[in-house]
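**Student:** Structure of the sequence below:
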Amino acid sequence: MRYVGLPSKNPKPFRETHLKSFCTLWNCDVIKQHNLRFMMDNRVPGYALQDKMVKLGYAISFLSARRLFSYLDHIQAGTVAANGGYDTDHRRRKTYHDTLLRFQKEASNDAKTTSTEK
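**Tutor:** As a prediction, this is how the structure comes out:
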């Protein structure tokens, strides 16, 4: 407001205390190990989880957007690949196919582990 000639206070610096849930990379194995969830204590999803992880002694690291997005693939691209919209040698189709195979293998291993534990 000072720029238009009106008296005002200097703005206080803002420091985000919680990571943004929609662009956070979580270690799900650690979350499961402690029987935690994203939605806890009727708070914004991820905030209570982040607070509990810090109390458990885990560090919060900030990643560059480039590094964060190296772990992600665009959802629409997966949908296009699933519907056969890419050639068989297209990078996104290969990534989608490899991811599906990995998930199927993990699910199969989990099923075997569960059946041997009984």
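
**Student:** does V54 sit in a helix or strand, and which one?
**Tutor:** Taking DSSP states H and E as the definition, V54 sits inside helix 47-55.

**Student:** Can you report how many residues neighbour L36?
**Tutor:** Using other C-beta atoms under 10 Å, L36 has 16 other residues around it. Just so you know, the C-beta spots here come from the backbone N, C-alpha and C atoms, and that holds for glycine as well.

**Student:** got the buried residues for stretch 87-104?
**Tutor:** R92, R93, Y96 (16 or more other C-beta atoms under 10 Å).

**Student:** whoops, stretch 55-64 was the one
**Tutor:** Buried residues in stretch 55-64, defined by neighbour count with 16+ other C-beta under 10 Å: none.

**Student:** With just CA atoms, put that stretch into CSV.
**Tutor:** Extracted C-alpha coordinates of stretch 55-64, given in CSV (Å, rounded to 0.1, in the frame of the first residue of the first chain):
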residue,chain,number,x,y,z
LYS,A,55,8.4,-35.9,16.6
LEU,A,56,9.6,-39.4,15.7
GLY,A,57,13.0,-37.9,14.7
TYR,A,58,12.7,-37.9,10.9
ALA,A,59,14.2,-35.0,9.0
ILE,A,60,12.3,-33.0,6.4
SER,A,61,14.3,-32.3,3.3
PHE,A,62,13.4,-29.8,0.6
LEU,A,63,14.0,-31.1,-2.9
SER,A,64,14.3,-29.0,-6.0
